[in-house]
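# Below is the structure, and that's it, no one-letter string:
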């Protein structure tokens, strides 16, 4: 008896299973890449930007490398520009192979959040159903070019999704930009900057007027300008010497055709004041001060010279001295008259400068303070006065001629300081002499007590001995 054939059954099963493997990827997991440029034609020496986009982004956490191929003989790579849409992505560009650029990027913020919390509650990765700029690449067109400039996406890999999957990629058509037969009429700038200066508004190719402000101490600036076309001529006028007030710097650009031109203007205001408008600080006690210009005539401590320092982010005029941490600055607290203050950048303490009550040591600033109620005047000292630096200073003196004053240093440490009239310096008073006197008094009392005890012991001993001798010399009669 013939056995029934199982082949038709197997074919039926295969016909049911194979279509499952042949099913297309989900539409929301397919990404179409496109390369394009806004330039309709290019001239030799032009800078052009090639843009790479994705038609959607299904929760992509990283991508790349995406390979951009170009003709290295006719085109020079300049830079890779990140996307303003993918703000959390960190980019990496590989240009080691001539004619190829490999661009990769990863969303470090969402990747870290997904690793810690997952995506069950809310997926933090980038998602969009509209076209998204992945990145752009800037190139300079060389002189040895052919009739057109080719660019293409040579490959794209690993568009990773937050769910662990990898999106399917399709690549659009290659791009070729015609080379113009005429000379370039591009008289624009690709970049414009001024050393140490922030332009307002930020530079843009189509913006021709800018302003900036510099400190009084800035006497010149360097201007850097890059033309949009390599063969355009650029002439910079001004900036080498800045006068107080407004200074005008012009950047003239003449296109390769020698007919088209443009002019960029920078208005730089050099402040007549050393102090930036609005500059101020808040001290350790929470009091706000505003920096003011130094007065035309002022008296400062010996050894201090004028300079500038960065304080609270502002460059301001100060008087400083080597070895002294505090600097002398001119401030206004909003209530009293403007005056000089000593400011310590470490402690942020602000001390009013008063020549009669403030003394400058070799490495510290000392200011007179009233003696607190809980501080005891050292023994042997009484109120007294001394002339120090042409000023009468109240303090305390003892019979040996020592003179001490209660003061606070620039770090906030308070205590008595001894004035040495021979050197003119102050030294921290340690109470050593008073402690020795106390020790001597204590020892005297101890020895006195010991002496009294010994005298009592001797007296008692003598009494007992005399009594014993008396009893032996005159014995009592015995009763019969």
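Structure's in. What do you need? Quantities reported herein were computed from a predicted structural model and do not represent experimental measurements.
# what residue ranges in the stretch 301-450 of the chain score low on pLDDT?
With pLDDT under 70 as the threshold, the stretch 301-450 of the chain has low-confidence stretches at 362-363, 431-441.
# Let me know the helix or strand that the nearest residue to residue 359 once chain neighbours are set aside is in.
Once flanking residues are discounted, residue 359 sits nearest to residue 366: 4.7 Å by Cβ to Cβ, 6 or more residues apart in numbering. Using the backbone N, CA and C atoms, a C-beta is placed for each residue, glycine as well. Residue 366 is part of strand 365-368, with elements assigned from DSSP states H and E.
# ditto for residue 464
Here residue 464 sits within helix 432-473, counting by DSSP H and E.
# Remind me what that helix packs against, helices and strands.
The contact analysis (3 or more Cβ pairs under 8 Å, 6 or more residues apart in numbering; DSSP states H and E) places helix 432-473 against no helix or strand.
# Assign the spatially closest residue to residue 347 that is not a sequence neighbour to helix, strand or coil.
In space, not counting the residues next to it along the chain, residue 347 is nearest to residue 411; the distance is 5.6 Å by Cβ to Cβ, 6+ apart. Reducing the assignment to helix, strand or coil with DSSP: H, G, I helix; E, B strand; the rest coil, the entry for residue 411 is coil.
# I'd assumed residue 348 was in contact with residue 411.
No: the pair residue 411 and residue 348 fails to qualify as a contact (Cβ atoms under 8 Å) at a distance of 11.0 Å.
# Pairing partners for the host helix or strand of residue 351, with directions?
Secondary structure from DSSP H and E places residue 351 in strand 350-352. Using DSSP bridges, strand 350-352 pairs in its sheet with strand 339-343 (antiparallel).
# Tell me which residues of the partner strand come out buried.
Judged by neighbour count (16 or more other Cβ atoms under 10 Å), strand 339-343 contains these buried residues: 340-343.
# any chance of those in CSV, plus distance to residue 108?
Supplementary listing: the buried residues of strand 339-343 in CSV, determined by distance: Cβ to Cβ, whole Å:
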residue, distance to residue 108
340, 50
341, 46
342, 47
343, 41
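# who are the neighbours in contact with residue 368?
357-358, 393, 405-407 (Cβ atoms under 8 Å, 6 or more residues apart in numbering).
# gap between it and residue 395?
Distance of residue 368 to residue 395, computed by Cβ to Cβ, to the nearest Å: 9 Å.
# Same check on residue 402?
10 Å.
# who's more crowded, these two?
residue 395 (21 against 17; other Cβ atoms under 10 Å).
# Could you double-check that that one lies in contact with residue 417?
No: counting by Cβ under 8 Å, residue 395 sits too far from residue 417 to count as a contact (9.0 Å).
# Pull up the overlap in contacts between the two.
Residues touching both residue 395 and residue 417 (Cβ under 8 Å, 6+ apart) are 404-406.
# wait, which of these is closest to residue 60?
Taking Cβ to Cβ as the measure, residue 406 is the one of the shared contacts of residue 395 and residue 417 closest to residue 60, at 70.2 Å.
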